[in-house]
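A.B. asks: Below: sequence and its predicted model.
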Amino acid sequence: MNLAKPAGRVRWVICALLFAAIALSYVDRLVISVLKPTLQQQYHWSEQGYGDVVFWFQASYGLGLLLSGRLLDRIGPRLGYLLAMGLWTAAHMGHALVRSTFGFAWMRIPLALGESGTLPAALAAAAEWFPQSERAFAIGVFNAGANVGAIVTPLVVPLLTLSLGWQSAFIVTGLANLVWLVLWWGYYRTPRQHRSVSAAELAYIESDQPGRQPQPRAPWRRLLRQRQTWAYLGGRFLIDPVWWTFLFWLPDFFHRARGIDLADFGPPLVVIYLTSDVGSVYGGWLSSRLLRSGATVNGARKRAMFCCALLAVPVIGAQYTAGLWTTVALIGLACAAHQGFSANLYSMPADLFPRWAQGSVVGLGGFAGAVGGMLMAKVASLTLASTGSYAPVFVFAAVAYLLALGLTHLINPQYRAVEP
């Protein structure tokens, strides 16, 4: 049954809170990437040492996703976010106490474990608050918070570092999380428990999942026997390393290739992540529009993903362009493609799995993406140490999304849902 959109907008307030949480998580994880050239020069970090910092973040993030997905199936997004952000905030602020890549690697472990709950909690909240016809668009909107966080970081971190020292970049940004936690705990409830939700909005939210009753949980071995699980895992394994590499290495790329220093990172990174925001919203909007126009979920999701995958291909030339802003445009287009592609890929667990299994599937997919990111971190650090070139990274980024779409289609060509 298709219901008209109600006047109620509580679900979009929830979406705004999720947007802010994603933005804060990205600020906290990206402070180190903006500071890398400064810390590398001041404390004589090696490329392999920084690669290890990224590697252990990804390893811990992947492990945390396995655990957080299962935990969120049990405790829900409200308490889940409280625990996750509390842990990562303490670890993030603790970075100010260390100096070496070894110390930073240790601090990245609890940071990653806490931040691993961010996306599963957000997706669980989206599954509670949005019907299928709006879900990809909502995911695209709050996932755009990643780009806002990536925009804010190179603007705020240099100002804090140059005026108060690099340690302040971790302390000040960590304090913002405490404000969000108060707002989240005070406002978030399930739709049926929220006093501000109208009957019309509740009916609209639950229009494709009447009652939304909890069900028994499935062990991983049952989920791993489903082809739908492997379609999601395969896509995450291929595309997540591209995004992680851009996040953690772009400031270093611009420093190496264009001679940009800490005070000047802001403009190119702001343009890149503003472009990413457009891609994030557009990718989710496109599939939602196709669904409302009568397309099947299979057709809508994959057509949107294909359009985004094509937009990533030109990034193969980013290493060889002569002008800074041409390079920025190519990388920005690829980041927009990633975000649009992700908005649809991240809808897959909610589209294809019962609610009681979605957190576990998201966790497994995040683990697969983290494994890919770990491998990419090692390859990037070894390549830079030996050649100083980012060319292999851009080659992989250009083809990863077409490969991911081809793999997910091969495994689940009909986009068939798992039988409860």
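C.D. replies: Sure thing, it's come through.

A.B. asks: How far does stretch 258-273 sit from its chain's centre?
C.D. replies: Distance of stretch 258-273 from its chain centroid, counting by C-alpha atoms, centre = their mean, to the nearest Å, is 21 Å.

A.B. asks: Outside of that stretch itself, list whatever touches it.
C.D. replies: The contact list for stretch 258-273, computed with C-beta atoms under 8 Å, 6 or more residues apart in numbering, reads 34-35, 37-38, 147-148, 150-151, 153-155, 158, 161-162, 250-251, 254-255, 324-325, 327-329, 331-332, 335. Using the backbone N, CA and C atoms, a C-beta is placed for each residue, glycine as well.

A.B. asks: how about 6 Å then?
C.D. replies: The contact list for stretch 258-273 (C-beta atoms under 6 Å, 6 or more residues apart in numbering) reads 38, 147, 150-151, 154-155, 158, 251, 254, 324, 328, 331-332, 335.

A.B. asks: Please apply the same query to stretch 13-32.
C.D. replies: Contacts for stretch 13-32 (C-beta under 6 Å, 6+ apart): 92, 115, 118, 122, 125, 129, 138, 141-142, 145-146, 148-150, 152-153, 157, 169, 173, 177, 180, 184, 247.

A.B. asks: And the buried ones among those residues, selectable in ChimeraX?
C.D. replies: Selection of buried members from the contacts of stretch 13-32 for ChimeraX, criterion 16 or more other C-beta atoms under 10 Å:
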select :92,115,118,122,125,129,138,141,142,145,146,148,149,150,152,153,157,169,173,177,180,184,247
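
A.B. asks: Which residue of the chain lies farthest from its centroid?
C.D. replies: Ala199 (32.6 Å; C-alpha atoms, centre = their mean).

A.B. asks: Quick check: that one vs Arg192, distance?
C.D. replies: According to C-beta to C-beta, to the nearest Å, Ala199 and Arg192 sit 11 Å apart.

A.B. asks: With Ile151 instead?
C.D. replies: Using C-beta to C-beta, we find Ile151 at a distance of 36 Å from Arg192.

A.B. asks: Give me the more crowded residue out of those two.
C.D. replies: Set Ile151 next to Arg192 and count neighbours by other C-beta atoms under 10 Å: Ile151 wins out with 22 against 12.

A.B. asks: For the residue nearest to that one when sequence neighbours are not counted, grab the count of nearby residues.
C.D. replies: Excluding the flanking residues, the one nearest Ile151 by C-beta to C-beta, 6 or more residues apart in numbering is Tyr273, at 4.5 Å. Neighbour count for Tyr273, taken as other C-beta under 10 Å: 29.

A.B. asks: just checking, next helix/strand downstream of the host helix or strand of Tyr273?
C.D. replies: Using DSSP states H and E, the element containing Tyr273 is helix 266-292. Downstream of helix 266-292, the next assigned helix or strand under DSSP H and E is helix 297-312.

A.B. asks: Just want the angle from that next one to helix 266-292.
C.D. replies: Helix 297-312 runs at 150 degrees relative to helix 266-292, counting by axes from the mean of the first three to the mean of the last three C-alpha atoms, to 10 degrees.

A.B. asks: tell me the mean pLDDT over helix 297-312?
C.D. replies: For helix 297-312, mean pLDDT rounds to 94.

A.B. asks: if we can go back for a sec, need the worst-confidence member of the contacts of stretch 258-273.
C.D. replies: Scoring those by pLDDT puts Asn147 last, at 74.

A.B. asks: Give me the helices and strands touching the one helix or strand that residue maps to, please.
C.D. replies: Assigned by DSSP H and E, Asn147 falls within helix 145-164. Helices and strands touching helix 145-164, by 3 or more C-beta pairs under 6 Å, 6 or more residues apart in numbering; DSSP states H and E, are helix 10-43, helix 166-187, helix 266-292.

A.B. asks: distance between the helix holding Tyr273 and the chain's centre?
C.D. replies: Distance, centroid of helix 266-292 to centroid of chain: 13 Å (C-alpha atoms, centre = their mean).

A.B. asks: thought Asn147 was touching Asp277?
C.D. replies: Yes: if you go by C-beta atoms under 6 Å, Asn147 and Asp277 touch, sitting 4.3 Å apart.

A.B. asks: Could you report the separation of Ala126 from Val172?
C.D. replies: In terms of C-beta to C-beta, Ala126 sits 30 Å off from Val172.

A.B. asks: what does Gln40 give?
C.D. replies: 22 Å.

A.B. asks: Can you give me the distance of Ala231 to Ala370?
C.D. replies: 18 Å.

A.B. asks: One more: Gly186?
C.D. replies: In terms of C-beta to C-beta, Gly186 sits 32 Å off from Ala370.

A.B. asks: now Val98
C.D. replies: Distance of Val98 to Ala370, computed by C-beta to C-beta: 23 Å.

A.B. asks: out of the two, which sits in the more crowded spot?
C.D. replies: Set side by side, Val98 and Ala370 show unequal neighbour counts under other C-beta under 10 Å, the larger going to Ala370 at 27 against 16.

A.B. asks: Which helix runs longest in this structure?
C.D. replies: helix 47-94 (DSSP state H).

A.B. asks: Summarise which helices and strands that one is packed against.
C.D. replies: So helix 47-94, by 3+ C-beta pairs under 6 Å, 6+ apart, packs with helix 101-115, helix 118-129, helix 166-187, helix 355-386.
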